[in-house]
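predicted model, plus sequence, below.
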Amino acid sequence: METMSRDSAISAIEGYFDDGDFMQDLARRVAIRTESPEPERRPELYHYLTDEMTPYLQAIGFECEIHENPRADAGPLLVATRTEGADLPTVMTYGHGDVVRGYDDQWREGLNPWEITVEGERWYGRGTADNKAQHTINLAAMKAVIEARGSLGFNVVALIETGEECGSPGLKEFCVANKDLFKADVFIASDGPRLQPGMPTVFMGSRGVFNFKMSLELRDGGHHSGNWGGLLANPGVIMSHALASVVDAKGKLLIEDWRPEPMTNSVRRAIAKLEVGGGDDAPEIDPEWGEPGLTPEEKVFGWNTFEIRAFETGNPRNPVNAIPPRAVAYGHIRYVVGTDPMGFLPALRKHLDAQGFENIELTAERDFMNATRLDPDHPWAQWAIKSIETTAKQEVAVLPNLGGTLPNDVFAEILGLPTIWVPHSYAGCSQHAPNEHVLAPVCRSALQIMTGLWWDLGDGKTPAST
Amino acid sequence: MSNRDTAIANALAWFDDDQGYFETLSKRVAVQTESQEPSQLPELYRYLEKFIRPDFEDIGYEVIVYDNPFEGQGPVLLATRIEDLALPTILGYGHGDAVCGQADRWTKGEGPWVLSRDGDHVYGRGTADNKAQHTTYMGALKAVIETRGRLGFNSKFMVETGEENGSKGLSELVAAHKDAFMADAYFASDGPRVDITKPNLNLGNRGCLNFDLLIEALEGGHHSGNWGGLLSNPGIVLSHAVACITDSKGKILVDGWTPGPIANSVREALNGVERDGGAHAPTIDQSWGEPGLTSAEKVYAWNSFEVLAFVTGNPSNPVNAIPPRARASCQLRFVVGTDLNKVEENLRKHLDAHGFEQVVITKPFEGNDAVFHAARTPPDHPWAQWMRRAVERTTGEVPVMIPNSGGSICNDVFQDVLGIPFVWMPLSYTGCSQHAPNEHILWSLTREGMGLVSGVY
């Protein structure tokens, strides 16, 4: 009987997808331009929480409250709770309603970031992969369980923030101040990509990210390169040299303190089972790039990487024959557990000074997110893996941490929860770039998996209740 | 008083007369000869026909206005006065066109098209570049003819109307009418003095080649968390490629990108030349550029590489992605002795040798793609030495002699097409706001120029 009900909940969620209701919910959410890096989109962030998420959650028995962000310039947070009984397990879940900028004019012809466009298996739209489809899936799966079982069988506290794409400003302060709201047994949420599109994946942490700016201001204005070429230092040349001293031409980190501790054997073993790759449209991996001697999987899940995110000198759209006055580079480091982010800029400062680049100024750009990891043998991890394998009838990829970065340090360190992430996107999704999309079959499979997972959480056989 | 002194006195009398120099220049500045504006082509013709031709004809020149061989480009006037075929022939040059007026950005004078004097500053578009300069030369020729009754040499003077648009068609036109333009030597004025305190002679120019370096690694950006460590970052690779072209102090590292040893005559000419750009000039970085050279040698006798612009990612809104491409807009300024035709080939070899095969060398954006050849009359050439003495005779002091300017101009017309020695005597100064709003000349400096040019003629 119980199995029958689990199956019927899953078949109900299949109907939700197959009848087009899922696309309708997603399209409505994608249409709201929740670009958190654009200050003038702030009302859209409220609109998303107030007029879209709140009614949806209230309809399935959640109590909703929208909280102002502790930081005046950051977006609101929605806390939605559904309490069924003090003796039942409580799950905290999370999603973010905001997206990166649309970059409307850079999308391929025929695509619009604010509408879903279907091309074969792909559904294009800004925020589809990151994160709107993911929390839409998870909440719809809860709804399916409630409808099939009459209740969830567990308590939920859901947090939907609207600043993740700006580095989740205020999230940490909010959770510190409201720890009582988030008392739970386990954290289960979705963001980021699966290891392979067809392979259900869980990860228990993420690499951290540390963003910073390097600027070199030599003089007020440009100077004619004929009259002054040879006499005035060129900031573009100097910045190129400085960047080239940080990382070699094949991406190997050259600052000793930026390199992580060697991987432990358990991490190395977990990573050894993985194979990165992103499906048909994913970029070709450059085998020569990155730390020599590591496998591609070790490079992403077990190592630190430095990127130049942007670099500008002069006027690139309309270059003139002048020595530019300044250059600016935006860099960042993705780092694994064991590297102290507070050491990044002091190490860079020391390195640049030693190379003669004393006049390059360094600024940490925003709140960093710390690296986290959970042992794949943790009972909650094993429980989730088993549930997903039951539904998907295939092996689950288990990552010690994601290559990307999530505000997981807030949940794992501040709230002290075991954190389980079940991602529903894939690596070729063009997240943060034009032409962002999700894959329809992955969404359908994710709806099944999450329905099964929520079903099992209310089934009484969880680590918390035994 | 010698004839020479009388001629100079007469020229200065004309300069000081309100109905003389100022009036003539006012009329010339009022013509909106913006050669970068295709609609102003009739103004370029009007300038030559109404304001240049009659003045030359009045002092016994024959004048021809040639259409530009290129569609839509401005005409070129040639005025010729042959006194005796046994005498030397001197070619002069000016350009009647100016850059765009930018009327809404002027804060001095009465806008770009009204000549307006405020103390020593005389404002107007095209004053410094180049209307005052050729007005001075024409006034000097007239003063000499009126004083001496003749010049004592044959004179040719060309006024083109496309300099601010890259002198398109000028080489072709001169080549097609080589005999008409041919002379024994060339003497004219454009650009600023290097050293404002003394007369300057300038014997050539650096060449200039712009090119872009490009890496197109990916079709779109890729999330740096998912792909960081797996995909090459074009910004990192291009930074390395730029860093292999010069060292971090600007010393050029590419084989074939530097000239041979500096000639003794060039070194001597530059000995003692100071770079004095006036009050608003930037501070020179002493440790930048080729080690062991003086500042003057770095600019006038050596090559320099610049990154004019560099972009990867979205600098106004950086996102956490590996950018798909990187582009550097670059430039090599070079003196005579560098093979222009091998600049790109040598760079290609250098980049390949450093493992940067994926860096593409490509054409710069249109509008910043003019190529200039390097040109130089040797400082010990008799014509250069004669000019030096002529200027010295007027002022009593040795002029600054620059083997070539740091910037670039169409000297290859004289060097390569006509094959004649050329000397420039710039009459403006570096603070003149040439190409910017509030362009002006200094009245005192212009008056001094009037005397200098008259003395030479």
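Looks like it came in fine. Residues are numbered from 1 along each chain as shown, chains lettered A, B, ... in the order given.

nearest spatial neighbour of the residue positioned nearest the centre of chain B, chain-adjacent residues omitted?
Averaging the C-alpha coordinates of chain B gives a centre point, and the residue nearest to it by Cα atoms, centre = their mean is B:Ile409 (3.9 Å). When the adjacent residues along the chain are set aside, B:Ile409 lies closest to B:Asn205, with 5.0 Å between them (Cβ to Cβ, 6 or more residues apart in numbering or on different chains). In short, each C-beta sits where N, CA and C put it, glycine included.

list the contacts of the closest residue to A:Thr305 other than its chain neighbours.
Excluding the flanking residues, the one nearest A:Thr305 by Cβ to Cβ, 6+ apart is B:Gly228, at 3.8 Å. When contacts are counted by Cβ atoms under 8 Å, 6 or more residues apart in numbering or on different chains, B:Gly228 is found next to A:300, A:305, A:307, A:334, A:403, B:322.

how about the residues of the stretch 351-466 of chain A near chain B?
Residues of the stretch 351-466 of chain A that fall close to chain B, judged by Cβ under 8 Å from any Cβ of the partner chain: A:355-357, A:402-405, A:427, A:430-435.

tell me the residue in chain A that is farthest from the middle.
Here the centre of chain A is the reference, and by Cα atoms, centre = their mean the most remote residue is A:Asn227, at 49.5 Å.

show me what the one helix or strand that one maps to is packed against.
Taking DSSP states H and E as the definition, A:Asn227 sits inside helix A:225-228. Counting by 3 or more Cβ pairs under 8 Å, 6 or more residues apart in numbering or on different chains; DSSP states H and E, the packing neighbours recorded for helix A:225-228 are strand A:322-323, strand B:304-312, strand B:325-334.

now with 10 Å?
Packing partners of helix A:225-228 (3 or more Cβ pairs under 10 Å, 6 or more residues apart in numbering or on different chains; DSSP states H and E): strand A:322-323, strand B:207-216, helix B:295-300, strand B:304-312, strand B:325-334.

what packs against the last one?
Secondary-structure packing of strand B:325-334 (3+ Cβ pairs under 10 Å, 6+ apart): helix A:225-228, helix A:235-246, strand A:305-313, strand B:207-216, helix B:234-243, strand B:304-312, helix B:343-353, strand B:360-362.

tell me what angle the second one forms with strand A:305-313.
Same thing as helix A:235-246. If you take axes from the mean of the first three to the mean of the last three Cα atoms, to 10 degrees, helix A:235-246 sits at 170 degrees to strand A:305-313.

I'd like the next helix or strand past helix A:235-246.
Remark: after helix A:235-246, the chain's next helix or strand is helix A:265-272, criterion DSSP H and E.

for that next one, buried residues please.
Within helix A:265-272, the residues that count as buried by 16 or more other Cβ atoms under 10 Å in any protein chain shown are A:267, A:270-271.

quick one: that helix to chain centroid distance?
Counting by Cα atoms, centre = their mean, to the nearest Å, helix A:265-272 is centred 23 Å from the centre of its parent chain.

stretch A:147-165 too?
Its chain's average C-alpha position is 19 Å from that of stretch A:147-165, according to Cα atoms, centre = their mean.

extract the CA atoms of that stretch and return them as PDB.
Written as PDB, here are the backbone C-alpha positions of stretch A:147-165 (Å, rounded to 0.1, in the frame of the first residue of the first chain):
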ATOM      1  CA  GLU A 147      -2.000  15.600  -2.400                       C
ATOM      2  CA  ALA A 148      -1.100  11.800  -2.500                       C
ATOM      3  CA  ARG A 149      -0.600  11.300   1.200                       C
ATOM      4  CA  GLY A 150      -2.800  14.000   2.700                       C
ATOM      5  CA  SER A 151       0.200  15.300   4.500                       C
ATOM      6  CA  LEU A 152       4.000  15.500   4.200                       C
ATOM      7  CA  GLY A 153       4.800  13.500   7.200                       C
ATOM      8  CA  PHE A 154       7.500  16.000   8.200                       C
ATOM      9  CA  ASN A 155       7.900  19.700   8.900                       C
ATOM     10  CA  VAL A 156       9.400  22.100   6.500                       C
ATOM     11  CA  VAL A 157      11.100  25.500   6.700                       C
ATOM     12  CA  ALA A 158      11.800  26.900   3.300                       C
ATOM     13  CA  LEU A 159      14.000  29.900   2.700                       C
ATOM     14  CA  ILE A 160      13.900  31.700  -0.600                       C
ATOM     15  CA  GLU A 161      16.400  34.500  -0.900                       C
ATOM     16  CA  THR A 162      16.800  37.100  -3.700                       C
ATOM     17  CA  GLY A 163      20.500  38.000  -3.500                       C
ATOM     18  CA  GLU A 164      22.400  34.800  -4.400                       C
ATOM     19  CA  GLU A 165      23.700  36.200  -7.600                       C
END
